[in-house]
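[1] task: produce atomic coordinates for the following.
(one chain, ligands or ions: 1)
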Amino acid sequence: MFRRILIANRGEIAVRIIRACREMGITSIAVYSTADKEALHAQLADESICIGPPDAIDSYLKTTSIIAAAEVTDAQAIHPGYGFLSENAQFAGICRECNVAFIGPRSEAIALSGNKAACREAVRKAGVPTVPGSEGVIKNEEEVLELAKGIGFPLLVKASSGGGGRGMRIAHNDASLKHAISTASAEAEAAFGYGGVYLEKFVENARHVEFQILADEHGKIVSLGERECSIQRRHQKIIEETPCTGLNASLRAKMSRAAVKAAKAIGYTNAGTVEFLLCPDGQFYFIEFNARIQVEHPVTEEVTGIDLVQEQIRVAAGEALGYSTVKPQGFAIEARVYAENPDENFRPSPGRIRMVHMPGGPGIRVDTHIFPGYDMPRYYESMLAKVIARGGTREIAINRLAGALDEFITKGVDNTARLGARIVRGDRFRRGDIGPDLIDEYLPSAG
Ligand code: MV4
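    Numbers count the residues shown, from 1 in each chain. The predicted model follows:
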C-alpha cells in the first residue's frame, strides 16, 4: 500500500481524499495555489506545498509543477480528484513515466473515454445499445445529410472531445444542421484543441441515469448501482439520487450488465461512471464514460457502505476487489449548494464567508471545504457544499434533505440551498416523476 499520496486538487474533494488517506493510515500531501493558502485542504493535509499562482492553468492544471511537487515530497501516488487533471491522459502517462502511481485508470483508457466518438464505437461493438447516429466523427457534408435523412430530426451534434455541454448543438433541419456542426466544431476546437464532431438522434424526455463501476487490475469489474442525475441547470447537476425511481430490478440488472460490458470494452480500471439516457418506455442508450470519481459519488457510498475513494486507492495499489456483487440498501439524495444567487439569474457570489451553519442530524452528511472566515476565491468552481441525506424510505430521505437544506446558512455569500429544498419538496420530485424538464418549473422562464 502507498504510504504517501499527493492530492492534485482543491475544495471539498481534496478534503474528502485527505479523510480517506487518514482512515487508511496514509500520509496526505496537499498542493495549493497562492489563492488557496488558507484553504481547508491546505490546512488539513499532513503536508502542504504551494504550486503556483491562482489561475488554475498555472497551478492545479500545471503538470510540471504537480509532478515536481510529488517528487520533492516523495509521494508514491497522485490522486487527481475530479476536474483539473483527472481526465488528462497525457498527465496519467507522465505519472507512469515518473514512477508515480496515478490513482485512476490507465492513460490509454482515459484517452479512449475522452474520445467520445471512438468510445461510443467501442461500446457499441461490444453489444451495448447506443443512440442512433454517426459511426465515429463525421467526415464530410454529403455523408452528414445522408445520415440525417436516415436517422431523422431532431439531431444532436456533439464534440468528440466535449464535456460540460460545450460543443453540443441541436439541429432541427438540414440548414440548422450545417450551422450546428460548424459552431459545435469551432467551440470544441477553441476549448479542447480538437474540433471533431459526431451525430446522435436527440432523445427527448430521456432521463440521465449513470452507473458507478469499480474495476480492479485483475480483471474484476463490479457495478455499484445507479444514480439519477436528470435535474440539471446548464449542465450543472443540482440533485442526484439513488435508486432511480424509473428502474425496476430487472431493468437495473440489465443496465448494470451493460455498464460492466462498456467498462470491459474500453479496458477500464479503477472507479468510473457509465452514463445512459433512459426513455420512459425503458429503452436505454449508452452516451459516455466518465473516467474519474464524480462529484455525486457520496449517494452511492451512502447506500452501499463502500468508501469509493478508499477503493480507488486500494485498486491503484494493485489490490483485488473483495466482492463481485453489491446490494445497495435504502435511499440517498444529494443536493449541491453553490455560492450563487438563484434570484439574480444565479449570479456568482464570491467573497468572505462571515458565518456558516452546516446541517446535521440523523442521516445527514455534508461534504464541504468552507468555514467561517473563509474567502471564496473567484478563480474556481463555486460549489460550497454537497448535502447528502439517506433514509430507509425515499420519503424519509426527502424530508431529511429538505430539512437540512432549510438549515443551511451562509452569511457573506449567497447560496442555492433554498432552491434545492423547494425542488425536493415539490410534488413532481416526491412522486418520482423526474426528467430533464423538472427544473424548468423552478427557474424564471428566461433562465
Ligand atoms: C443527450 C441528450 C439527448 N439526446 N444525447 C447529458 C449529459 C451529457 N453528457 C450529454 N447529455 C445529453 N445527451 C442525446 N442523444 C440529452 C442530454 C442532456 C440531458 C439528459 C437527461 C437529463 C438532463 C440533461 C441535461 C442536459 C443534456
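[2] gap between the residue lying farthest from the centre of the chain and residue 178?
    Within the chain, the residue lying farthest from the chain centre (Cα atoms, centre = their mean) is residue 142, at 36.0 Å. The spacing between residue 142 and residue 178, counted by Cβ to Cβ, to the nearest Å, is 12 Å. C-beta: built from backbone N, CA, C; applies to glycine.
[3] if we can go back for a sec, how about the residue farthest from the centre of the chain, secondary structure?
    The three-state assignment at residue 142 reads helix, by DSSP: H, G, I helix; E, B strand; the rest coil.
[4] could you measure from it over to the ligand?
    The gap separating residue 142 from the ligand is 22 Å, by Cβ to the nearest ligand atom, to the nearest Å.
[5] neighbours around residue 248, how many?
    Other residues near residue 248 number 10, with proximity taken as other Cβ atoms under 10 Å.
[6] apologies, that question was intended for residue 97.
    A count of neighbours around residue 97, defined by other Cβ under 10 Å, yields 9.
[7] likewise residue 437?
    If you count neighbours by other Cβ under 10 Å, residue 437 ends up with 12.
[8] once you drop chain neighbours, what's closest to it?
    In space, and not counting its chain neighbours, residue 437 is closest to residue 205: 7.4 Å by Cβ to Cβ, 6 or more residues apart in numbering.
[9] does that neighbour really touch residue 277, like I thought?
    No: judged on Cβ atoms under 8 Å, residue 205 makes no contact with residue 277 at a distance of 9.7 Å.
[10] all strands of the stretch 301-447 of the chain, in order?
    331-338, 340-341, 347-348, 351-352, 355-357, 364-368, 375-376, 383-391, 409-411 (DSSP state E, counting those that start in this stretch).
[11] now swap in the stretch 51-200 of the chain and tell me
    Taking DSSP E, counting those that start in this stretch, the strands of the stretch 51-200 of the chain run over residues 77-79, 101-102, 155-163, 166-171, 197-201.
[12] pull up the pairing partners for the lengthiest strand in the chain, direction included.
    Scanning the chain for the longest strand, with DSSP state E as the assignment, gives strand 221-233. Strands that pair with strand 221-233, judged by DSSP bridges, come out as strand 207-215 (antiparallel), strand 236-242 (antiparallel).
[13] and residue 349, which of those is closest to it?
    Nearest to residue 349, of all the strands paired with strand 221-233, is strand 236-242, at 15.1 Å by Cβ to Cβ.
[14] so who does residue 58 touch?
    Applying Cβ atoms under 8 Å, 6 or more residues apart in numbering, we find residue 58 in contact with 33, 52.
[15] tell me how far residue 248 lies from residue 226.
    Distance, residue 248 to residue 226, by Cβ to Cβ: 12 Å.
[16] quick one: residues in contact with stretch 86-103.
    Contacts for stretch 86-103 (Cβ under 8 Å, 6+ apart): 2, 5-6, 9, 63, 66-67, 70-71, 75-80, 85, 104-108, 110-111, 113-114, 270, 290-293, 312-313, 316-317.
[17] go again using 6 Å as the cut-off
    By Cβ atoms under 6 Å, 6 or more residues apart in numbering, the residues outside stretch 86-103 that reach it are 63, 67, 70, 77-80, 85, 107, 110-111, 114, 291-292, 312-313, 316.
[18] around the ligand, which positions in the stretch 151-300 of the chain sit nearby?
    By the rule Cβ under 6 Å from any ligand atom, the part of the stretch 151-300 of the chain lying against the ligand is 156, 200-203, 206-208, 230, 232, 235, 275, 277, 287-288.
[19] of those residues, buried ones?
    With neighbours counted by 16 or more other Cβ atoms under 10 Å, those contain buried members at 156, 200-203, 206-208, 230, 232, 275, 277, 287-288.
[20] tell me the pLDDT at residue 292?
    Looking at residue 292, its pLDDT is 98.
[21] which residue is the nearest non-sequential neighbour of it?
    Leaving aside its sequence neighbours, residue 292 sits nearest to residue 86 (Cβ to Cβ, 6+ apart; 4.2 Å).
[22] list the residues that contact whatever residue of the stretch 51-200 of the chain ends up closest to the ligand.
    The ligand sits closest to residue 200 of the stretch 51-200 of the chain, with a gap of 3.6 Å, by Cβ to the nearest ligand atom. The neighbours of residue 200, taking Cβ under 6 Å, 6+ apart as the test, are 131, 133, 156.
[23] surely the first one is in contact with residue 204?
    This means residue 131. No: at 11.7 Å, residue 131 does not count as touching residue 204 under the criterion of Cβ atoms under 6 Å.
[24] for those two, indicate the residue with more neighbours.
    It is residue 131, of residue 131 and residue 204, that has more neighbours when counted by other Cβ under 10 Å, with 20 against 11.
[25] quick one, what contacts that one?
    Residue 131 touches 200, 201, 203, 285, counting by Cβ under 6 Å, 6+ apart.
[26] returning to that earlier point: among the strands of the stretch 301-447 of the chain, which is nearest the ligand?
    Closest to the ligand of the strands of the stretch 301-447 of the chain is strand 331-338 (Cβ to the nearest ligand atom; 14.6 Å).
[27] so what secondary structure elements neighbour that closest one?
    Packing partners of strand 331-338 (3 or more Cβ pairs under 6 Å, 6 or more residues apart in numbering; DSSP states H and E): strand 236-242, helix 297-304, strand 383-391, helix 394-407.
[28] mind listing what that strand pairs with, with the direction of each?
    strand 236-242 (antiparallel), strand 383-391 (antiparallel).
[29] what's the angle from it to helix 394-407?
    Counting by axes from the mean of the first three to the mean of the last three Cα atoms, to 10 degrees, strand 331-338 lies at 20 degrees to helix 394-407.
[30] now render the contacts of residue 200 as TSV, adding pLDDT.
    What follows is the contacts of residue 200, written out as TSV (pLDDT from 0 to 100):
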residue	pLDDT
131	98
133	97
156	97
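[31] could you list the low-pLDDT ranges of the stretch 151-300 of the chain?
    Nowhere does the stretch 151-300 of the chain drop to pLDDT under 70.
[32] next, give phi and psi for the residue nearest to the spatial centre of the chain.
    Among the residues of the chain, the one closest to the centroid is residue 294, at 3.5 Å (Cα atoms, centre = their mean). When quoted as degrees, to the nearest 10, the phi and psi of residue 294 stand at phi -100, psi 160.
[33] what number of residues lie near the nearest residue to residue 55 once chain neighbours are set aside?
    Nearest non-adjacent residue to residue 55, counting by Cβ to Cβ, 6+ apart: residue 379, 6.3 Å away. Applying other Cβ under 10 Å, we find 16 residues neighbouring residue 379.
[34] what pLDDT does residue 379 get?
    For residue 379, the pLDDT comes out at 96.
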